[in-house]
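> what's the 3D shape of this:
(chains A and B)
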Protein chains: 2
Amino acid sequence: MSLDLSVDIVTLTRAVVDVPSESLDEAVLADAVEAALRSHDHLEVVRDGHTIIARTNLGRSERVVIAGHLDTVPENGNMPSRLEGDILWGLGTCDMKGGVAIALSLAAALAEPVRDVTWVFYEAEEIAAVHNGLGRIAREHPEWLAGDFAILMEPSNAGVEAGCQGTMRVDVRTTGERAHSARSWMGHNAIHDLAPVLATLATYEPRTVDIAGLTYREGLNAVGVRGGVSGNVIPDEAVLTVNYRFAPDRDEEAALVHLREVFDGFELTVTDSAPGALPGLERPAAAAFVEAVGGEVGPKFGWTDVAKFTLLGVPAVNYGPGDPIYAHKADEQVPVEHLHRVHDRLRRWLSGDA
Amino acid sequence: MSLDLSVDIVTLTRAVVDVPSESLDEAVLADAVEAALRSHDHLEVVRDGHTIIARTNLGRSERVVIAGHLDTVPENGNMPSRLEGDILWGLGTCDMKGGVAIALSLAAALAEPVRDVTWVFYEAEEIAAVHNGLGRIAREHPEWLAGDFAILMEPSNAGVEAGCQGTMRVDVRTTGERAHSARSWMGHNAIHDLAPVLATLATYEPRTVDIAGLTYREGLNAVGVRGGVSGNVIPDEAVLTVNYRFAPDRDEEAALVHLREVFDGFELTVTDSAPGALPGLERPAAAAFVEAVGGEVGPKFGWTDVAKFTLLGVPAVNYGPGDPIYAHKADEQVPVEHLHRVHDRLRRWLSGDA
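Just a heads-up that it's a prediction; the model follows:
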């Protein structure tokens, strides 16, 4: 298959959406993206796995990195795309093929942007961090991501969302002793031992944290629970998986200290962790971008790959079409107006029209 | 294969143990049992599925039903049998091929018992009730199980255990609303809603109930818990599976009324239920048996098929070799002394020597 990057942004978004690209199965879409970008002489294209990077090399005084992931979560009865009035429906319309289509369109159209641009189209953002294409590039070729400022085109309601909250998952494990449930006093019930843990969660008051005028809301939630051997056995193990979303004033270490306090006396195992990112809007490049695209900024509650840029020392924001509440939903959707607005504002900023 | 029922009880138990007969796979053992019993003219043998029934028809004033199941739970590194000193190890030695071997031995040996005997060797006790051979006979040919008294040779430490507790399993289900865990306030966490349910279980004081001098101990336990959509989603459902073991003064209806009180306000679904059985020791046939085999009686905490006889109006007790705590265990075992004692006492009672 091939992608025509010269069509209007709605048509291009639909074309990108209609190529299935569930995580680890991005080859077809990545091939099409690579081929389409290579047809433009103003771009230097490199590929690593299913991650494609295209750069202008105009010697501008400033370089912007604009990134989006090619993969989606699994199909959920929401393929192919469907345009109804002002809404484009379908898997990935929101998270984040709308943003990818905008980036592709502008990469092709803007042969001489006023800022050099590094366009990044990467694989495997929706699954375990070890697969993440942007993470691999950051580790193995950090120079490819060098820049003065980065824009991650994750859905942000077509507004700028700054920073991101960190996320940590821990397993809280209780242990007991098996016995036949007809003689339960011979054993010790590990599921019952979760009672105080759930009580703690049910009454927990999450913090709200103000940073640089943005208000971050934390959350501490059970996201999974399992236990049980069979219907007539006192269970000797139960595991509650808890997800802590923490404001970027806390690093991972501080987050874990907090969890150890909250679940004092219980066995905790960290199964997943990613740091947040401070909004960084005091950096000139960030402030200039915000000013150019309208001036309004909100906090990013979700964790996104902006944190990867932060770790590389590149200030970064989230800016993309779509309301993130529709991400990973059967009714995933993006307003057509978002596609046009983000496309237009980015084009003008990169063209020096802003 | 064939079974020689004339050998000593330890040898016969080993022979029965060494024929694999996991539930639904009892054909080979059932065939051998049927053939061995049919070789004895004093027995009238009928077969239904893999359930074999052999009767004496001597016109005695009293008829005793003596039953055991042929099946076992799955093998667990404990086959074949192994005799070490005073202990016979192996799958089914305790639950309940020791009892089956004793019944086979006596069925063959006692051509003229002082009480008519109906020997029942049935299939599929260890799995869902719908497969249970004794249950099928009770529904379709209840006359085959008619008698003045029944003995179920489930392991009871070679003592008489009277009655049995009932068992009921319910699912306690909570529902919420999904949301991304980065914006948890948009959803409602169903796992957190289990907090008061677990608190109730953790502090629940089970009853102890005295019936006819026997003390039954109840139990109310979580035996399973599940919930969770994925690591970054507020879960919209959680299910706690609870097993209530209730003393035989309560019927199933009363048990459910109790659970509805305990979990007031929560959605309950009964997934499994079986009534208990009152000890029934006031019946003359039962009292005479207890007296004959030594006079000591304990309560049966576990649920057993004695309840099926109770429903047919036949007083029944558990009486068999082996400690039930070894049932379904990798280290399943039976003391050789139990095999000899139960074999001897039953033989004497049926021969009029007691």
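> Domain map for chain A?
A:9-164+A:277-351, A:166-274 (automatic domain parsing).
> Can you show me the helices along chain A?
Secondary structure of chain A by DSSP state H: the helices cover A:9-17, A:27-38, A:98-109, A:133-140, A:195-203, A:252-262, A:284-293, A:306-311, A:336-351.
> Quick check: which of these is buried the most?
Highest mean neighbour count among the helices of chain A (mean count of other CB atoms under 10 Å in any protein chain shown): helix A:98-109, with a mean of 26. In this view, the C-beta of every residue, glycine as well, is placed from N, C-alpha and C.
> Who are the packing partners of it?
Judged by 3 or more CB pairs under 8 Å, 6 or more residues apart in numbering or on different chains; DSSP states H and E, helix A:98-109 is in contact with helix A:9-17, helix A:27-38, strand A:63-69, strand A:116-122, helix A:336-351.
> now the angle from the second one to helix A:9-17?
What that stands for is helix A:27-38. Calculated by axes from the mean of the first three to the mean of the last three CA atoms, to 10 degrees, helix A:27-38 forms an angle of 140 degrees with helix A:9-17.
> okay, the angle between helix A:27-38 and helix A:133-140?
Using the same axes, to 10 degrees: helix A:27-38 against helix A:133-140 is 70 degrees.
> now A:Thr269: how far from chain B?
Taking CB to the nearest CB, to the nearest Å as the measure, A:Thr269 falls 14 Å from chain B.
> just checking, that residue touches A:Asp171?
Yes. Counting by CB atoms under 8 Å, A:Thr269 touches A:Asp171, with 4.6 Å between them.
> for A:Pro279, what are its contacts?
A:162-163, A:211-212, A:214, A:248, A:297, A:299, A:317 (CB atoms under 8 Å, 6 or more residues apart in numbering or on different chains).
> can you tell me which residue is nearest the centre of chain A?
The residue lying closest to the centre of chain A (CA atoms, centre = their mean) is A:Thr304, at 3.4 Å.
> Distance of it relative to B:Ala182?
A:Thr304 sits 9 Å away from B:Ala182, going by CB to CB, to the nearest Å.
> for A:Met186, same thing?
Remark: distance between A:Met186 and B:Ala182 (CB to CB) = 44 Å.
> Looking at those two, which is more packed in?
Ranked by neighbour count (other CB atoms under 10 Å in any protein chain shown), A:Met186 and B:Ala182 place B:Ala182 first, with 24 against 15.
> Quick check: nearest residue in space to the more buried one, chain neighbours excluded?
Nearest non-adjacent residue to B:Ala182, counting by CB to CB, 6 or more residues apart in numbering or on different chains: A:Gly302, 3.7 Å away.
> Around A:Glu84, count how many other residues there are.
A:Glu84, neighbours per other CB under 10 Å, totals 9.
> For the stretch 251-354 of chain A, list the residues in contact with chain B, please.
Proximity of the stretch 251-354 of chain A to chain B, by CB under 8 Å from any CB of the partner chain, involves residues A:272, A:301-303, A:324-325, A:327-328.
> Looking at A:Thr269 and A:Asp171, which is more packed in?
Legend: neighbour count by other CB under 10 Å for A:Thr269 and A:Asp171, higher for A:Asp171 (16 against 11).
> which one of the residues of the stretch 251-354 of chain A next to chain B is nearest chain B?
A:Gly302 (3.7 Å; CB to the nearest CB).
> Just to check, that closest one is in contact with B:Ser184?
No. Counting by CB under 8 Å, A:Gly302 does not reach B:Ser184; the two are 11.0 Å apart.
> Which neighbours do those two have in common?
Contacts common to A:Gly302 and B:Ser184, judged by CB under 8 Å, 6+ apart, are A:Arg245.
> So if I had to pick from these two, which one is more boxed in?
A direct count of neighbours by other CB under 10 Å for A:Gly302 and B:Ser184 places B:Ser184 higher, at 23 against 20.
> separation between the more buried one and chain A?
The spacing between B:Ser184 and chain A, counted by CB to the nearest CB, is 4 Å.
> who's in contact with that residue?
By CB under 8 Å, 6+ apart, the residues touching B:Ser184 are A:206, A:219, A:221, A:245, B:234.
> burial measure for the closest residue to it other than its chain neighbours, as a count.
Sequence neighbours aside, A:Gly219 is the residue nearest to B:Ser184 in space, at 3.7 Å (criterion: CB to CB, 6+ apart). Here the number of neighbours of A:Gly219 (other CB under 10 Å) works out to 25.
> ok, A:Gly219 - contacts?
When the contact criterion is CB under 8 Å, 6+ apart, the partners of A:Gly219 are A:206, A:243-245, B:181-185.
> May I see the residues you listed organised as a markdown table, with pLDDT added?
Formatted as a markdown table, those follow (pLDDT from 0 to 100):
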| residue | pLDDT |
| --- | --- |
| A:Pro206 | 97 |
| A:Asn243 | 97 |
| A:Tyr244 | 98 |
| A:Arg245 | 97 |
| B:Ser181 | 93 |
| B:Ala182 | 92 |
| B:Arg183 | 91 |
| B:Ser184 | 94 |
| B:Trp185 | 94 |
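> so of these, which ones are in strands?
With DSSP state E as the criterion, strands contain A:243-245 from among these.
> Which one (most neighbours) among the residues you listed?
Within the ones in strands among the contacts of A:Gly219, neighbour counts (other CB under 10 Å) peak at A:Arg245, which reaches 27 neighbours.
> From chain B, how far out is that one?
As judged by CB to the nearest CB, A:Arg245 and chain B stand 5 Å apart.
> Disregarding residues adjacent in the polypeptide, which is nearest to that residue?
A:Gly219 (4.5 Å).
> Now do the contacts for the closest residue to A:Thr208 other than its chain neighbours.
Closest residue to A:Thr208 apart from its sequence neighbours, by CB to CB, 6+ apart: A:Arg217 at 5.2 Å. Shown in contact with A:Arg217 (CB under 8 Å, 6+ apart): A:206-208, A:247, A:299, A:301, B:183, B:185.
> give me the number of residues near A:Asn57?
11.
> Quick check: closest non-adjacent residue to it.
Spatial nearest neighbour of A:Asn57, chain neighbours left out: A:Glu44 (5.9 Å); criterion: CB to CB, 6+ apart.
> Also A:Lys97?
Spatially, and ignoring its direct neighbours in sequence, A:Lys97 is nearest to A:Val16 (4.5 Å; CB to CB, 6+ apart).
> Thought A:Leu91 was touching that neighbour, still the case?
No. Using CB under 8 Å, A:Val16 is not in contact with A:Leu91, being 11.0 Å away.
> Go ahead and confirm the residue nearest to the centre of chain A touches A:Glu154.
Yes. Here A:Thr304 reaches A:Glu154: they are 4.9 Å apart, a contact under CB under 8 Å.
> Need the residues touching each of these two.
The contact sets of A:Thr304 and A:Glu154 overlap at A:Asn318 (CB under 8 Å, 6+ apart).
> still on that earlier bit, save the contacts of A:Pro279 as a markdown table, and put in pLDDT too.
As requested, the contacts of A:Pro279 are arranged in a markdown table below (pLDDT from 0 to 100):
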| residue | pLDDT |
| --- | --- |
| A:Ala162 | 92 |
| A:Gly163 | 90 |
| A:Ile211 | 94 |
| A:Ala212 | 87 |
| A:Leu214 | 93 |
| A:Pro248 | 94 |
| A:Val297 | 93 |
| A:Pro299 | 93 |
| A:Val317 | 94 |
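> want to throw the domains of chain A into JSON lines with distance to B:Glu26?
Below are the domains of chain A laid out as JSON lines (distance: least, CB to CB, whole Å):
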{"stretch": "domain A:9-164+A:277-351", "distance to B:Glu26": "43"}
{"stretch": "domain A:166-274", "distance to B:Glu26": "21"}
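> Go through those and name the closest to B:Ala30.
domain A:166-274 (25.3 Å; CB to CB).
> Give me the distance between the two termini of that closest one.
End-to-end span of domain A:166-274 (CA to CA, to the nearest Å): 6 Å.
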